[in-house]
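Undergrad: could you look at this predicted model? Sequence included:
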Amino acid sequence: MKKDNLFGYTLNDLQQVCENEKFPKFTAKQMADWLYKKRCSSIDDMTNLSLKIRSRLNELYVLEKREPVHSQTSIDGTKKYLFSVGENHYVESVYIPDKDRATLCISSQIGCKMGCKFCVTGKQGFKGNLTAAEILNQIFSIPESLSLTNIVYMGMGEPFDNFDAVLQSIQVLTSEWGVAMSPRRITVSTVGVIPGIREFMEKTECHLAVSLHAPTGDKRSQIMPMQKAYPHSEIVRMLRKYDWSGQRRLSFEYIVFKDFNDDEENAGKLVKLLHHLKCRVNLIRFHVSEGVPLEGVDMDKMIAFRDYLSNEGIICTIRASRGEDIMAACGLLAGKME
């Protein structure tokens, strides 16, 4: 029988292990310290646990973390890491250093079901969900792990289509017994899965990013099939019910496509959609990918779109393009490996 991986367990999970095996109650906190603060590599490293307890844990569990099987480094310092998961599958994470920030974009699924027209990952189909351990492994197993300042769930997959594992990984990252990272250092990006957003808002304090990419339902449905299940107007209407006046941030991702959503008319409709909602819009340049029938725009067009939104009172930034020489958009490398 395959042993379960102890890495990725929450404190509650570890307490259940102790209860089942009749270990002392304080053993659960000791185990969590070894897993997430001391970052041990084996159960035998947990030296303040008795030899008997360690022996029993070894009978029941493994402590497995996998190093990347491949990496690429851009001239701008961006790094793409490839991880092996499951049976001959791969996922990617992207490390982005920027002055005093070090951000890691991580994956939550092998492939994706959402089918967005512009996304390389979606064209690979859906292969499976990552476990909490496989999500966390992307963070713990890179050389820059200890210097990371920000985590973004914006790699391969839709995080809210794998909600339980994503939530479990966030608990490990933000809890005092875990990594103890501020939830304000974590952003989860979604196409707008409404039930997932609602539960995410109730159970975490992390930032939320919504992939919008078009100001009207008609246009959005042309490039994002999930618009039919979760209309953007309903997403925005729901988000208006939450308090965004504190430190928690709401942002909308908007890839600017040539002759599709890039003109003043579309900018005006976007202003109307987001009117009086405290949020920011991140404009993203699209870089042509094989098999994707869409084109990006030049920087002058990006600046004009940004300035229109800014003049209408919407906080708007143009996301800097990173890792273009290594195709840092998630899914490109993993797709070639499968």
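TA: Received, thanks.
Undergrad: the stretch 1-150 of the chain: strands as residue ranges?
TA: 4-5, 61-62, 70-73, 79-85, 89-98, 101-106, 109-111, 126-129, 150-153 (DSSP state E, counting those that start in this stretch).
Undergrad: where does the stretch 201-338 of the chain dip in pLDDT?
TA: For the stretch 201-338 of the chain, applying pLDDT under 70 flags the ranges 323, 325-338.
Undergrad: show me where this protein has its helices.
TA: Taking DSSP state H as the test, the helices found in the chain are 11-21, 27-32, 51-60, 120-123, 132-140, 163-174, 194-203, 217-223, 232-239, 264-274, 299-311, 332-337.
Undergrad: end to end on stretch 176-192, go ahead and measure it.
TA: 29 Å (Cα to Cα, to the nearest Å).
Undergrad: quick one on the thing from earlier: just the strands of the stretch 1-150 of the chain: most buried one?
TA: With neighbours defined as mean count of other Cβ atoms under 10 Å, the strands of the stretch 1-150 of the chain peak in mean count at strand 109-111, which reaches a mean of 24. Just so you know, the C-beta spots here come from the backbone N, C-alpha and C atoms, and that holds for glycine as well.
Undergrad: who does that one touch, helix- and strand-wise?
TA: Packing partners of strand 109-111 (3 or more Cβ pairs under 8 Å, 6 or more residues apart in numbering; DSSP states H and E): strand 89-98, strand 126-129.
Undergrad: so what strands line up beside it?
TA: Sheet pairing for strand 109-111, assigned by DSSP bridges, gives strand 126-129 (antiparallel).
Undergrad: care to break this protein down by domain?
TA: 4-62, 70-337 (automatic domain parsing).
Undergrad: most packed of those?
TA: Comparing the domains of the chain by mean neighbour count (mean count of other Cβ under 10 Å), domain 70-337 comes out on top with a mean of 18.
Undergrad: beta partners for the most centrally placed residue in the chain?
TA: What sits nearest the mean C-alpha location of the chain, by Cα atoms, centre = their mean, is residue 153, with 0.7 Å. Residue 153 forms beta bridges with residue 106, residue 188, as assigned by DSSP bridges.
Undergrad: still on that earlier bit, among the strands of the stretch 1-150 of the chain, which is nearest residue 318?
TA: Residue 318 lies closest to strand 89-98 among the strands of the stretch 1-150 of the chain, at 14.2 Å (Cβ to Cβ).
Undergrad: show me what the closest one is packed up against.
TA: Counting by 3+ Cβ pairs under 8 Å, 6+ apart, strand 89-98 packs on strand 79-85, strand 101-106, strand 109-111, helix 132-140, helix 332-337.
Undergrad: how far away is the residue of the chain most remote from its centre from residue 161?
TA: What lies farthest from the middle of the chain is residue 52; by Cα atoms, centre = their mean that is 38.7 Å. Using Cβ to Cβ, to the nearest Å, we find residue 52 at a distance of 42 Å from residue 161.
Undergrad: next: residue 254.
TA: Per Cβ to Cβ, residue 254 is found 22 Å from residue 161.
Undergrad: about what we covered before: same list, the helices and strands packed on strand 109-111, but as a markdown table with distance to residue 294 and mean pLDDT please.
TA: Formatted as a markdown table, those follow (distance: least, Cβ to Cβ, whole Å; pLDDT from 0 to 100):
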| stretch | distance to residue 294 | mean pLDDT |
| --- | --- | --- |
| strand 89-98 | 21 | 95 |
| strand 126-129 | 22 | 94 |
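Undergrad: re earlier: what's the closest of the helices and strands packed on strand 89-98 to residue 29?
TA: Across those, closest to residue 29 is helix 132-140 (Cβ to Cβ), at 18.4 Å.
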